[in-house]
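**Student:** How does the following fold in three dimensions:
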Amino acid sequence: MIEFQSVSHAFDGVSVLEDVSLSIDDGEFVLLAGANGSGKTTLMRHCNGLLEPDSGEVLVDGTPVAEDLIAARSNVGMVFQHPRDQFVAATVGADVAFGPENLGLERRAIDRRVAAALEAVNLAARGDERIDALSGGEQSRVAIAGALAMEPTHLVLDEPFTGLDDPARRSVLERLEALSADGTGVLLATHDLRDVLGLADRVIAMRNGRVAVDGPPADALEELEGLEVRVPDATRC
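**Tutor:** From the prediction side, this is the model:
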C-alpha cells in the first residue's frame, strides 16, 4: 500500500501539492488524472523519495519513505514520461539489471530478475540489443522491465504513452493489463483516459495540487468536466 498523509510540497515558494491524503491499495489499478500542472507528477515522485514533502508523510507498505529509501525504491517501480530519462546503460539487459545490481544481489538472482522482467514485457532474448536502436514502444517496455526487475509491489507510470504510435500504445497497454492481472498495483498518471479507463479500478483527478475527484470510474467520469481530462467519447453526454 502507498499512503499519502497530508502531503504538501512547493517549488520556490509556489505550492504544487496542498494537504493531499490518499491510499493506493495493493493490486489496485488507479488512474491519476488531471491537466498539466495539476500536481500529478509531483505527487508520484514522492512515492519513492525522488521528492520529499514539505509537510506530511508518505508510507510504502507501512514504512515512511524517508526512513528507508531502499525499501521504497524496491517496492515502488517508477517509469518516467520520457523513458530515455531513466536509462543508464547502452543495452537492454544491462539497463534492466542496473536496479537489482544496486541492491547487492547475487548474479544468479540478478539474472533471474532480468529474464523474468524481459519476459513480462515480451522482450525475452533481446537483452543484448542497443536501447537507442529500439522503437519508442520498445523503449517504454524496457523502462517498465527495469522497474519490474526490482520486483515492486506497485508500478508507477507518468504519462507512459507520450509520443507513442498506436501499435506501441497497444503493446504497452497489453503489458500493463497483464501485470495488473498478476497482482501488481498500478498507478498511472495521464490527462487522457480514453485508452486506459477500461483497466481502472479507480480514478483520482487533481486540480491545483488538490484531489478533486476520487472514485470508481463510472462515478468519477461524471465529475471530470472542467478538469481538462480527455474521456472516451461514449461517456460524453
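**Student:** Could you use CA atoms for every contact and neighbour count after this?
**Tutor:** Noted.
**Student:** Just name whatever secondary elements the helix or strand containing Gln139 is in contact with.
**Tutor:** Using DSSP states H and E, Gln139 sits in helix 136-148. Under the contact criterion of 3 or more Cα pairs under 8 Å, 6 or more residues apart in numbering; DSSP states H and E, helix 136-148 touches strand 76-79, helix 92-102, helix 107-120, helix 166-181.
**Student:** so which of these gets nearest Gln86?
**Tutor:** strand 76-79 (7.8 Å; Cα to Cα).
**Student:** so for the closest one, what's the average pLDDT?
**Tutor:** Taken as a whole, strand 76-79 carries a mean pLDDT of 89.
**Student:** residue ranges with poor pLDDT in the protein?
**Tutor:** 234-237 (pLDDT under 70).
**Student:** What is the three-state secondary structure of Leu188?
**Tutor:** With DSSP: H, G, I helix; E, B strand; the rest coil as the basis, Leu188 sits in strand.
**Student:** so what's it up against?
**Tutor:** 29-32, 156-160 (Cα atoms under 8 Å, 6 or more residues apart in numbering).
**Student:** Selecting buried members of those in ChimeraX, what would you type?
**Tutor:** Here is the ChimeraX selection string for the buried members of these, based on 16 or more other Cα atoms under 10 Å:
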select :29,30,31,32,156,157,158,159,160
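**Student:** and which of the contacts of Leu188 is nearest Val16?
**Tutor:** Distances from Val16 to the contacts of Leu188, taken by Cα to Cα, are shortest for Leu32, at 15.3 Å.
**Student:** Is it correct that the closest one is in contact with Leu193?
**Tutor:** No: with contact defined as Cα atoms under 8 Å, Leu32 does not reach Leu193; the gap is 9.5 Å.
**Student:** Return the member of the contacts of Leu188 nearest to Thr41.
**Tutor:** The closest of the contacts of Leu188, once distances to Thr41 are taken by Cα to Cα, is Asp158, at 6.6 Å.
**Student:** now Ala97: how far from Arg141?
**Tutor:** 14 Å (Cα to Cα, to the nearest Å).
**Student:** before we move on, the earlier item: okay, the contacts of Leu188 in CSV with distance to Ala71 and secondary structure next?
**Tutor:** Output for the contacts of Leu188, formatted as CSV (distance: Cα to Cα, whole Å; DSSP: H, G, I helix; E, B strand; the rest coil):
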residue, distance to Ala71, secondary structure
Phe29, 21, strand
Val30, 22, strand
Leu31, 24, strand
Leu32, 23, strand
Val156, 15, strand
Leu157, 18, strand
Asp158, 21, strand
Glu159, 24, coil
Pro160, 24, coil
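**Student:** how about a markdown table for the contacts of Leu188, with distance to Glu177 added?
**Tutor:** Output for these, formatted as a markdown table (distance: Cα to Cα, whole Å):
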| residue | distance to Glu177 |
| --- | --- |
| Phe29 | 9 |
| Val30 | 12 |
| Leu31 | 13 |
| Leu32 | 16 |
| Val156 | 14 |
| Leu157 | 13 |
| Asp158 | 16 |
| Glu159 | 16 |
| Pro160 | 14 |
